[in-house]
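A.B. asks: could you work out the structure for the sequence below:
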Amino acid sequence: MNILVMDRPLRILLVDDSDDDILLIKNAFKKCDRLSIIDAVNDGQEALNYLKQIGEYSEAERPDMLLLDINMPVIGGFEVLEHLSKHDDFMSLPVVMLTTSDNEDDVTNSYKLGACSYIRKPDTFSDMKGITEKFENYWCSTVKIP
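C.D. replies: Down below sits the predicted model:
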């Protein structure tokens, strides 16, 4: 039996520099009832501005979670993780790395810097849909997040 941990859809900020990947991920997440990507930004600087409600993001709602790519222009995923780990306001924000890299050093570094999960981006929509279904079950029915 699934127990709904959250009484509303999980709000997610997607941080990825690939418009194609953003579209694929958003479309896969649309198939899930309890997941909602509320916004997507293209680099780590935009993500930090969003989280700190700076500039065009002054009215942004705090997401429940970040989906974060590693290799991005301006500020990359590792730098975002470092920044978040140094600020009490963001230490409880779950960060899931969603990236094309399967490099073991990237996996290890992600966890050392505070990521709570590491998922390699699949190549097909079907595979991405499968991941989002498991993601929804875990994050919306199994664990409790702040």
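A.B. asks: contacts and neighbour counts: CA atoms only from here.
C.D. replies: Noted.
A.B. asks: just give the number of residues close to the closest residue in space to residue 92 that isn't next to it in sequence.
C.D. replies: Closest residue in space to residue 92, ignoring its immediate chain neighbours: residue 146 at 6.9 Å, by C-alpha to C-alpha, 6 or more residues apart in numbering. Using other C-alpha atoms under 10 Å, residue 146 has 7 neighbouring residues.
A.B. asks: was I right about residue 146 contacting residue 90?
C.D. replies: No. Between residue 146 and residue 90 there is no contact under C-alpha atoms under 8 Å: 10.9 Å.
A.B. asks: so what's in contact with those two at the same time?
C.D. replies: Residues touching both residue 146 and residue 90 (C-alpha atoms under 8 Å, 6 or more residues apart in numbering): none.
A.B. asks: quick one: the helices in the chain?
C.D. replies: Under the criterion DSSP state H, the chain contains helices at 19-30, 44-52, 77-85, 104-112, 125-136.
A.B. asks: in a markdown table: these, plus mean pLDDT and distance to residue 119.
C.D. replies: Formatted as a markdown table, the helices of the chain follow (pLDDT from 0 to 100; distance: least, C-alpha to C-alpha, whole Å):
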| stretch | mean pLDDT | distance to residue 119 |
| --- | --- | --- |
| helix 19-30 | 91 | 13 |
| helix 44-52 | 97 | 18 |
| helix 77-85 | 96 | 13 |
| helix 104-112 | 97 | 9 |
| helix 125-136 | 91 | 9 |
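A.B. asks: quick one: which of these is nearest residue 58?
C.D. replies: Nearest to residue 58 among the helices of the chain is helix 44-52 (7.5 Å), distances taken as C-alpha to C-alpha.
A.B. asks: chain center to the closest one, what's the gap?
C.D. replies: 13 Å (C-alpha atoms, centre = their mean, to the nearest Å).
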